[in-house]
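Peer 1: what would the 3D arrangement of this be:
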Amino acid sequence: MSAVLEIEGLRKTYRSRRRGVRHALDGFDMRVEAGQVHGFLGPNGSGKTTTLRTLLGLIRPNGGRMVILGHEVPHALPAVAGQVGAIVESPQFFPHFTARDTLSLLAGAGQLPGRRVDEVLELVGLRDRAGERVKTYSLGMKQRLAVASALLKNPKLLILDEPANGLDPGGIREMRTLMRDLSAAGMTVVLSSHILGEIQLICDSVTIISLGRRVAYGPVEQVLAEHSQSSVRIRLEAVTDLPQAADVLTRAGVRVAAEPDHLMLAGVDKPAAVSRLLAEHGLYVSELAPVAVDLESVFLELTATAPVPGQHRQVDQSTKVGEPGSGGTGGGWGA
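Peer 2: From the prediction side, this is the model:
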């Protein structure tokens, strides 16, 4: 499978009067294969938005290599801009324009056929509200309009930063279906979101960033398997036996976390051996169930490290010194 997006050793250093030198990106790597929905995950301040803005030429990197559709960027951005649609942070629209006016203006600027406006309005579920002014839209509807603007060019690579922001559960499901349909049609989608359950459902692969570095990468199932600790939930016939059971298991080398009515065991390769061990001590199991790891637990585990003061913190909102191209509050690549 060919890579649509490649990032190697990306570095971005900010300098502020108040906090000195900070490394928003510290040798970050990323690879996205063609036709995938790829989840890009990271806590606030991890360097996620800085990566996307750098990739799109909105911020100048201090080092590293970035390739989109076989072209090295940022110097080759003019060659690939027509094949990339992106929404990063919160794009702004003219409040007194209607959605159709907004998209028609973008389509005209990009020399795109007018019929594409109605096509993308249909795709994002705004066809029946297209004649209303944007200032009357809810946050979720504005997010739909943002996605529509990024889809106008029918891009080969679509980059969306928090597209489900403000959507209700029905809207989130529709967005999930849209992403899968676009991928099935051959579009590559990079999706940044804090709704980790949705990422697990929708994405083929993920990259997790923390403190400016990649901490996990690969197919979702592979990332989950690599960080599974063979957790097992165990209940006893008598709740009062839990402390004794915890002591027996701990002395046997099992990692035990006690809950009010059960025990959680980590690193258990053979659950049947646990029940036998407890039975030998007169402790009888009423439930022994493997606990599947999910993306949220893996994410929290990998990004739990506290940042070192003055290091590896994203500072897009602080004052920068001598960093051209770092201004602005958000943006999108529509038409």
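
Peer 1: grab the longest helix from the protein for me.
Peer 2: Longest among the helix segments of the chain by residue count, using DSSP state H, is helix 169-184.

Peer 1: just the CA trace of it, in PDB.
Peer 2: Extracted in PDB, the C-alpha atoms of helix 169-184 (Å, rounded to 0.1, in the frame of the first residue of the first chain):
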ATOM      1  CA  PRO A 169     -25.300  11.500  18.600                       C
ATOM      2  CA  GLY A 170     -27.200  11.200  15.400                       C
ATOM      3  CA  GLY A 171     -24.900  13.700  13.700                       C
ATOM      4  CA  ILE A 172     -21.800  11.900  15.000                       C
ATOM      5  CA  ARG A 173     -23.200   8.700  13.400                       C
ATOM      6  CA  GLU A 174     -23.800  10.400  10.100                       C
ATOM      7  CA  MET A 175     -20.300  11.800  10.200                       C
ATOM      8  CA  ARG A 176     -18.900   8.300  10.800                       C
ATOM      9  CA  THR A 177     -20.900   7.000   7.900                       C
ATOM     10  CA  LEU A 178     -19.600   9.800   5.700                       C
ATOM     11  CA  MET A 179     -16.000   9.100   6.500                       C
ATOM     12  CA  ARG A 180     -16.300   5.400   5.800                       C
ATOM     13  CA  ASP A 181     -18.100   6.200   2.500                       C
ATOM     14  CA  LEU A 182     -15.400   8.600   1.400                       C
ATOM     15  CA  SER A 183     -12.700   6.000   2.200                       C
ATOM     16  CA  ALA A 184     -14.600   3.300   0.300                       C
END
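
Peer 1: how far does that helix sit from the chain's center?
Peer 2: 15 Å (C-alpha atoms, centre = their mean, to the nearest Å).

Peer 1: between the helix or strand following that helix and helix 169-184, how big is the angle?
Peer 2: Downstream of helix 169-184, the first helix or strand assigned by DSSP states H and E is strand 188-192. Here strand 188-192 runs at an angle of 150 degrees relative to helix 169-184 (axes from the mean of the first three to the mean of the last three C-alpha atoms, to 10 degrees).

Peer 1: what's the first helix or strand after strand 188-192?
Peer 2: helix 196-202.

Peer 1: one step back: buried residues in the longest helix of the chain?
Peer 2: Within helix 169-184, the residues that qualify as buried are 171-172, 174-176, 178-180, 182-183, counting by 16 or more other C-beta atoms under 10 Å. Yep, even glycine has a C-beta here, placed from its N, CA and C like the rest.

Peer 1: packing partners of it?
Peer 2: strand 37-41, helix 139-151, strand 188-192, helix 196-202 (3 or more C-beta pairs under 8 Å, 6 or more residues apart in numbering; DSSP states H and E).

Peer 1: which residue comes closest to residue 144 once chain neighbours are left out?
Peer 2: In space, and not counting its chain neighbours, residue 144 is closest to residue 124: 4.2 Å by C-beta to C-beta, 6 or more residues apart in numbering.

Peer 1: tally of neighbours for the one you found?
Peer 2: Neighbours of residue 124 under the rule other C-beta atoms under 10 Å: 23.

Peer 1: my read is that it contacts residue 178, right?
Peer 2: Yes. With contact defined as C-beta atoms under 8 Å, residue 124 and residue 178 form a contacting pair (7.0 Å).

Peer 1: shared neighbours, those two?
Peer 2: Common contact partners of residue 124 and residue 178 (C-beta atoms under 8 Å, 6 or more residues apart in numbering): residue 147.

Peer 1: and the contacts of the longest helix of the chain?
Peer 2: 35-37, 123-125, 140, 144, 147, 151, 158, 163-164, 167, 189, 191, 195, 198, 201-202, 204.

Peer 1: equivalent analysis for stretch 143-150, please.
Peer 2: 85-87, 91, 93, 99, 102-103, 106, 120-121, 123-126, 134, 137, 158-160, 162-167, 171, 175, 178, 332-335.

Peer 1: hmm, try it at 7 Å
Peer 2: 85-87, 91, 93, 99, 102-103, 106, 120-121, 123-126, 134, 137, 158, 160, 163, 165-167, 332-334 (C-beta atoms under 7 Å, 6 or more residues apart in numbering).

Peer 1: mind checking which of those are buried?
Peer 2: The neighbour-count test (16+ other C-beta under 10 Å) marks 85-87, 91, 93, 99, 102-103, 106, 120-121, 123-126, 134, 137, 158, 160, 163, 166-167, 332-334 as buried among those.

Peer 1: tally of neighbours for the nearest residue to residue 227 once chain neighbours are set aside?
Peer 2: Ranked by C-beta to C-beta, 6+ apart and with sequence neighbours excluded, the top spatial neighbour of residue 227 is residue 298, at 4.5 Å. Burial of residue 298, expressed as a neighbour count using other C-beta under 10 Å, amounts to 23.
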